[in-house]
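A.B. asks: would you be able to build a 3D model of this:
(one chain, ligands or ions: 2)
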Amino acid sequence: PQVIRREDYRAPDWLVPEIALDFDLDPTATRVRAVLKVERNGTHDRALVLNGDGLAAEAVLVDGVEAQGWTMDGPDLVIPLTGTAHEIETVVTIAPERNTQLQGLYASSGMLCTQCEAEGFRRITFFPDRPDVLSRYKVKMAGDKARFPVLLANGDPIAQGDAGDGRQWAEWHDPFPKPSYLFALVAGDLVANKGQFTTMSGRSVDLGIWVREADLPKTDHALHALKLSMAWDESVYGREYDLDVFNIVAVDDFNFGAMENKGLNVFNSRYILADPDTATDYDYDAIAAVVAHEYFHNWSGNRVTCRDWFQLSLKEGFTVFRDQSFSGDQGSKAVKRIEDVRGLRASQFPEDSGPLAHPVRPDEYIEISNFYTATIYNKGAEVIRMMSTILGPQKFRAATDLYFDKFDGTAATCEDFVRCMEEAGGVDLTQFRRWYSQAGTPRVSANLTQEGGRARLKLAQSVPPTPGQPVKEPMVLPLKVKLFGGITGRPMCDEQLVLLKDAAQEIVFENLSETPVLSINRGFSAPVIVETNRTAKDLAFLSAHDDDPFARYEAMQQLMLDTLVAAVTSGKGQHDAVIEAVRNTLADSALDKAFVGEAVLLPSDSFIGDQMGVVDPDAIFAAREALRAELGKALEGEWRAAYDGAQANRFEYSPAAKGARRLKNVALGYIAASGADDAAALAFGQFEAADNMTDRQGALSTLVNGTSDRREAALSAFYQRYQGNALVLDKWFQTQALSAREDTARAVEALASHPDFTLANPNRARALIGAFSVNQRAFHDISGRGYRFVADQLIALDRLNPQTAAKLVPPLGRWKRFDAGRAAKMRAELERIVATPGLSKDMFEQASKSLD
Ligand code: HT7
Ligand code: ZN
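C.D. replies: Ligands and ions are numbered 1, 2, ... in the order given. Next up is the predicted model:
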């Protein structure tokens with residue numbers, strides 16, 4: 001397959017200032033007529049090339065006359081043109097019902113909807129399908145009135161009417177020029193939860209969350225989150241909404257989380273629908289975050305879009321940074337930061353150290369869909385966060401104002417963004433730009449030594465080699481640093497922002513009156529791995545005394561990690577320091593429960609594995625379970641007190657109530673780990689009495705990890721209760737796929753034949769296959785059956801939905817990190833995938849790169 005390179009970027013030969021689309025909607029045969037006003041861009045004699053994907057032109061007209069000399073270049077339509085401006089008309093017929101890829105126009109639960117990012121528009125009509133061609137869209141659509149009573153598109157509704165024969169039509173105009181990837185259309189039997197928002201300049205905006213009628217009661221949270229997001233973007237970034245309507249539609253079959261189409265966001269229904277009985281606190285938070293994310297794209301992505309797909313992080317990294325800040329402002333900033341860093345370490349760090357590592361601004365790709373990655377999104381957000389730290393809040397705001405003003409209505413680059421930061425921030429970011437070009441997670445070593453009243457902090461950095469980048473230059477690393485007195489616990493200096501720019505650098509602290517303890521990378525100010533010479537005593541001390549909650553959490557994590565790595569390598573654990581640190585955290589009544597719930601959690605199996613030369617999943621599992629059991633037993637009284645103290649009379653969705661549920665379920669896990677006789681009964685009691693899904697699923701997960709006969713009872717009760725609810729059934733599949741039990745691989749194979757399992761729905765496929773392949777114990781079963789099972793499923797899924805299949809390849813690609821036996825088996829499965837006839841380019845790229 002063809003490799004697309006960033007250095008080959010060339011401005012478009014032809015622009016399309018206007019497009020009128022006419023859809024005759026039918027699930028089996030939808031006719032699409034497109035009329036494009038095209039203008040030659042510059043002086044050249046190149047033909048007009050309109051991208052297509054699986055389209056056959058039924059008519060091609062130039063200036064109203066049947067076109068002469070047009071040809072097909074593979075999937076693309078090539079039309080030779082003589083003048084500087086023409087009107088091009090094409091007609092195609094597509095079959096939404098047969099579209100299992102869920103790109104372009106497709107059918108989902110009886111409705112028709114679109115997904116065009118990144119290159120789905122070319123599956124609907126012939127068009128220069130690239131983000132730097134911005135057009136004004138007029139959309140007319142007609143369809144069966146009973147099947148499709150609601151017809152939505154981008155922009156504002158203009159007119160609607162009866163089309164005869166039980167059909168109706170509607171017309172929508174979007175006044176804002178946009179790239180084709182932001183086009184959207186929805187037709188279905190939907191109802192809306194309607195709201196209203198008055199913008200900062202006093203304009204009224206009609207809001208609508210469109211769902212099936214039965215789901216209407218589950219839309220209040222999303223609507224509320226939308227209003228909060230609109231107000232937040234005004235007050236924090238000065239960004240006002242610009243159309244008279246803002247619609248969101250929930251669909252059941254969706255490859256991703258959601259899509260920011262101008263004025264008509266389309267969402268995976270899991271990021272819209274919530275009520276206490278079916279959604280966990282995690283779901284509620286994710287809904288608010290994704291609603292905010294898509295809304296924020298209206299400025300960071302839509303008003304200012306990307307010049308080409310190599311600039312994807314321009315909109316995604318910045319928008320993730322914005323949604324993370326928004327979520328932090330709605331509850332505990334510290335807990336949000338902990339969750340985000342946990343996510344970064346779980347998904348982006350492994351990506352950055354594996355065969356699919358790529359820079360935040362990639363240099364090449366085969367299939368752009370494979371680049372909607374944790375690196376583009378989450379590392380990209382960290383890059384923006386570092387610039388905001390370096391500039392400080394006022395200058396950062398001035399810089400984003402400048403960026404939005406200067407590039408409004410255009411397709412911009414990451415370089416444009418950084419230049420605005422430099423101009424408004426008065427800083428030189430020349431070296432900082434390496435964050436965009438160099439892949440790999442930087443490693444920092446920080447050694448603090450003391451001689452009398454002086455302490456020396458020796459810092460050194462290195463960036464590991466990554467595919468195609470064997471040698472790296474030093475990065476700019478903004479490290480927030482502070483010292484605490486090891487005896488009094490008092491701060492010994494103000495927090496300092498150290499910009500580590502060289503390979504090695506030294507900082508001296510004078511006039512110290514006691515032995516200092518180092519607190520570094522506070523707030524996770526740089527997305528790096530820090531190694532220090534701090535002792536277990538230092539870490540335990542910081543976990544109790546640091547005044548930065550993130551650093552406190554981090555000290556505890558490091559202490560646990562050091563303990564677990566030592567246990568894995570030596571075979572036996574020395575757990576006292578961890579037990580005491582956890583005891584102190586549980587005893588600190590000044591801490592909020594959500595923080596405590598996070599701080600006392602052990603690092604995941606996979607994060608422990610990331611610290612090791614050769615990952616031994618069985619030894620890691622055994623060491624982690626042993627520490628969990630000891631923590632459970634040694635602190636059983638504390639866990640029960642925490643559990644009882646976090647009980648609530650009835651469900652409430654507030655930061656305090658969420659924190660209490662978090663701690664309660666973590667405590668339940670430890671009580672079960674202690675081996676207490678009543679643990680299963682306690683979990684089952686919680687399962688039965690729960691008035692919310694967080695508690696019900698928390699109890700179910702605890703039972704599913706165990707061997708009690710209440711396990712089957714709970715699984716069956718859960719299944720019976722939620723049989724008709726696809727989103728909750730996903731939880732049923734996922735909880736079993738994540739089970740820590742020895743027989744999980746076999747159980748998951750059986751679940752793949754369950755009547756409710758289907759690869760056609762991406763949420764269901766991810767719930768079983770995706771969850772199983774991150775279950776370190778089960779996936780890496782020494783027999784290799786886990787690898788075989790996942791490869792079989794991915795090969796089958798690729799035939800239906802290559803995008804979703806390709807996203808599930810990375811766990812198999814980690815083979816280099818494992819022992820020779822496992823590595824060979826993982827490689828063999830990758831080779832089998834690559835050799836599969838008819839493999840998509842999505843899968844080919846992921847699997848073949850994973851073999852290197
Ligand atoms: N910008 C959206 C990306 C997206 C997407 C990408 C590939 C395939 C399907 C997709 N659906 C949505 C989502 C976002 O980041 O907001
Ligand atoms: Zn996004």
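A.B. asks: for beta bridges, what are the partners of Ala59?
C.D. replies: Assessed by DSSP bridges, Ala59 has beta-bridge partners Val91.
A.B. asks: oh sorry, the question was meant for Leu36
C.D. replies: Ile19, Ile88.
A.B. asks: pLDDT at it, what is it?
C.D. replies: You'll see Leu36 listed with a pLDDT of 99.
A.B. asks: from ligand 2, how far out is it?
C.D. replies: 27 Å (CB to the ion, to the nearest Å). C-betas here are computed from N, CA, C, even on glycine.
A.B. asks: neighbours around that residue, how many?
C.D. replies: Using other CB atoms under 10 Å, Leu36 has 23 neighbouring residues.
A.B. asks: just Thr389 next, same as before
C.D. replies: The number of residues near Thr389, taken as other CB under 10 Å, comes to 18.
A.B. asks: then Asp162?
C.D. replies: Neighbours of Asp162 using other CB under 10 Å come to 11.
A.B. asks: all helices for the stretch 151-300 of the chain, in order.
C.D. replies: For the stretch 151-300 of the chain, the helices defined by DSSP state H, counting those that start in this stretch cover 220-237, 281-296.
A.B. asks: can you name the residues of this structure sitting close to ligand 2?
C.D. replies: Residues of the chain lying near ligand 2 by CB under 5 Å from the ion: 316, 319.
A.B. asks: around ligand 1, which positions in this structure sit nearby?
C.D. replies: 115, 117-118, 255-256, 258-260, 293-294, 297, 316, 369, 372, 803 (CB under 6 Å from any ligand atom).
A.B. asks: which one among those residues gets closest to Phe541?
C.D. replies: His293 (38.1 Å; CB to CB).
A.B. asks: mind listing what the closest one touches?
C.D. replies: His293 is in contact with 257-258, 260, 319-320, 322-323, counting by CB atoms under 8 Å, 6 or more residues apart in numbering.
A.B. asks: mind running it again at 7 Å?
C.D. replies: By CB atoms under 7 Å, 6 or more residues apart in numbering, the contact set of His293 is 319-320, 323.
A.B. asks: wait, which of those residues is closest to ligand 1?
C.D. replies: Thr319 (6.7 Å; CB to the nearest ligand atom).
A.B. asks: next one: the helix or strand hosting that closest one to chain centre, how far?
C.D. replies: Thr319 belongs to helix 312-330 when assigned by DSSP states H and E. Distance of helix 312-330 from its chain centroid, counting by CA atoms, centre = their mean, to the nearest Å, is 11 Å.
A.B. asks: what does stretch 274-283 give?
C.D. replies: Distance, centroid of stretch 274-283 to centroid of chain: 19 Å (CA atoms, centre = their mean).
A.B. asks: could you dump that stretch to PDB, C-alpha only?
C.D. replies: Extracted as PDB, the C-alpha positions of stretch 274-283 are listed here (Å, rounded to 0.1, in the frame of the first residue of the first chain):
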ATOM      1  CA  ALA A 274     -26.900   7.700  31.400                       C
ATOM      2  CA  ASP A 275     -29.100   7.000  34.400                       C
ATOM      3  CA  PRO A 276     -28.000   5.800  37.800                       C
ATOM      4  CA  ASP A 277     -29.300   2.300  37.100                       C
ATOM      5  CA  THR A 278     -27.300   1.700  33.900                       C
ATOM      6  CA  ALA A 279     -24.300   4.100  34.000                       C
ATOM      7  CA  THR A 280     -21.300   4.100  36.400                       C
ATOM      8  CA  ASP A 281     -19.700   7.200  37.700                       C
ATOM      9  CA  TYR A 282     -16.900   6.600  35.200                       C
ATOM     10  CA  ASP A 283     -19.600   6.600  32.500                       C
END
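A.B. asks: counting neighbours, which bits of it end up buried?
C.D. replies: By 16 or more other CB atoms under 10 Å, the buried positions in stretch 274-283 come out as 274-281, 283.
A.B. asks: any chance of a markdown table for those, columns pLDDT?
C.D. replies: A markdown table is the format used below for the buried residues of stretch 274-283 (pLDDT from 0 to 100):
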| residue | pLDDT |
| --- | --- |
| Ala274 | 98 |
| Asp275 | 98 |
| Pro276 | 98 |
| Asp277 | 98 |
| Thr278 | 98 |
| Ala279 | 98 |
| Thr280 | 98 |
| Asp281 | 98 |
| Asp283 | 98 |
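A.B. asks: so which of those are in strands?
C.D. replies: If you go by DSSP state E, the buried residues of stretch 274-283 have nothing in strands.
A.B. asks: what's the closest of those residues to Ala820?
C.D. replies: Looking across the buried residues of stretch 274-283 and measuring by CB to CB, the closest to Ala820 is Thr280, at 40.2 Å.
A.B. asks: with adjacent residues omitted, what lies nearest to that closest one?
C.D. replies: Thr694 (4.4 Å; CB to CB, 6 or more residues apart in numbering).
A.B. asks: Ile158: what's it in contact with?
C.D. replies: 171-173.
A.B. asks: and with 6 Å instead?
C.D. replies: Applying CB atoms under 6 Å, 6 or more residues apart in numbering to Ile158 gives the contacts 171, 173.
A.B. asks: can you tell me how far the residue in the stretch 651-800 of the chain that ligand 1 sits nearest to sits from Lys480?
C.D. replies: Going by CB to the nearest ligand atom, ligand 1 is nearest to Pro762 of the stretch 651-800 of the chain, at 9.6 Å. Counting by CB to CB, to the nearest Å, the separation of Pro762 from Lys480 is 39 Å.
A.B. asks: of these two, who's got more company?
C.D. replies: With neighbours defined as other CB under 10 Å, Pro762 and Lys480 compare such that Pro762 has more, 23 against 20.
A.B. asks: the more buried one - nearest residue in space that isn't next to it in sequence?
C.D. replies: Using CB to CB, 6+ apart, the nearest residue to Pro762 is Thr804, at 4.5 Å.
A.B. asks: from the contact counts, what lies against the strand or helix carrying the one you found?
C.D. replies: Here Thr804, judged by DSSP H and E, is contained in helix 802-807. With contacts defined as 3 or more CB pairs under 6 Å, 6 or more residues apart in numbering; DSSP states H and E, the packing partners of helix 802-807 are helix 785-800, helix 841-851.
A.B. asks: now mean neighbour count and mean pLDDT too, for these, in CSV please.
C.D. replies: Putting those into CSV (neighbours: other CB atoms under 10 Å; pLDDT from 0 to 100) gives the following:
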stretch, mean neighbour count, mean pLDDT
helix 785-800, 21, 99
helix 841-851, 22, 98
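A.B. asks: what pLDDT does the residue of the stretch 201-350 of the chain found nearest ligand 1 get?
C.D. replies: As assessed by CB to the nearest ligand atom, ligand 1 sits closest to Phe256 within the stretch 201-350 of the chain, at 3.3 Å. Phe256 is assigned a pLDDT of 98 by the prediction.
A.B. asks: likewise Gln574?
C.D. replies: So, for Gln574, pLDDT stands at 89.
A.B. asks: tell me the SS of it?
C.D. replies: What DSSP: H, G, I helix; E, B strand; the rest coil gives for Gln574 is coil.
A.B. asks: same check, this time on Lys138
C.D. replies: Lys138 is classified as strand under three-state DSSP.
A.B. asks: which residues does it bridge with?
C.D. replies: Ala20, His173.
A.B. asks: with Asp162 instead?
C.D. replies: Going by DSSP bridges, Asp162 forms beta bridges with Gln168.
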